[in-house]
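S.K.: please work out how this folds:
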Amino acid sequence: MIMLRSMRFSRSGSKLRNGNKATTPTENDCRGICQIQWELRPGGMLVQKRESNLSSGEGLITITVSTVSHSHQISIESTSTFGELKIILSLVTSFEPREQRLLFKGKERGDDEYLHMVGVREKDKVLLLEDPAIKEKKMLGLRDRPISNPSRTISV
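M.R.: Next up is the predicted model:
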């Protein structure tokens with residue numbers, strides 16, 4: 001987090017006018033120097049930090065992740081990546097993260113893409129499919145078999 005100071009210029013002793021009513025600044029207003037907190041967003045943009053209370057559930061979204069036969073309700077922070085979602089789904093399903101393919105709005109999403117950056121919101125639906133190449137390896141029993149190295153063959 002980056003802390004920057006901002007100066008607010010005002011005439012001392014002046015009153016703020018609101019229609020016909022004259023009001024004076026409150027203790028909550030900045031007098032002289034205010035501290036502004038900044039945050040770096042996943043897209044690389046530096047913005048003023050929002051006042052949010054994550055402990056009360058703000059920032060958490062509930063999405064529906066559907067597989068071929070099941071549907072799961074997952075609560076996750078909106079600023080998480082699809083890779084982090086795959087890790088959570090590996091606890092719920094029998095698929096390891098590398099075996100999963102996540103589709104949102106008809107497109108497969110990469111592990112480094114952020115949910116909020118592609119538009120995932122509360123109650124949206126994400127489709128979970130098993131990677132066809134890994135599914136085929138499982139069926140053939142090649143998944144756990146070590147790969148032989150042809151350069152290490154010994155001729156007699």
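
S.K.: Asp112 and Glu84, how far apart?
M.R.: 10 Å (C-beta to C-beta, to the nearest Å). For the C-beta atoms, the positions are set from N, CA and C on the backbone; glycine is no exception.

S.K.: these two - which one has more neighbours?
M.R.: Glu84 (16 against 9; other C-beta atoms under 10 Å).

S.K.: ramachandran angles for that one?
M.R.: phi -70, psi -40 (degrees, to the nearest 10).

S.K.: what's the answer for the one 3 residues further on, then?
M.R.: Backbone geometry at Ile87, expressed as degrees, to the nearest 10, gives phi -60, psi -40.

S.K.: that one: neighbour count?
M.R.: Count around Ile87 with other C-beta under 10 Å applied: 14.

S.K.: now Phe104: how far from Gly110?
M.R.: The value you get for Phe104 to Gly110, if C-beta to C-beta is used, is 11 Å.

S.K.: more neighbours, the two?
M.R.: Shown here are Phe104 and Gly110; by other C-beta under 10 Å, Phe104 has more neighbours (19 against 11).

S.K.: let me see the domain layout of this structure.
M.R.: Following automatic domain parsing, one gets these domains for the chain: 2-8+16-50, 60-140.

S.K.: just name the most buried of those.
M.R.: Comparing those by mean neighbour count (mean count of other C-beta atoms under 10 Å), domain 60-140 ranks first with a mean of 15.

S.K.: distance between the ends of it?
M.R.: From its first residue to its last, domain 60-140 covers 41 Å (C-alpha to C-alpha, to the nearest Å).
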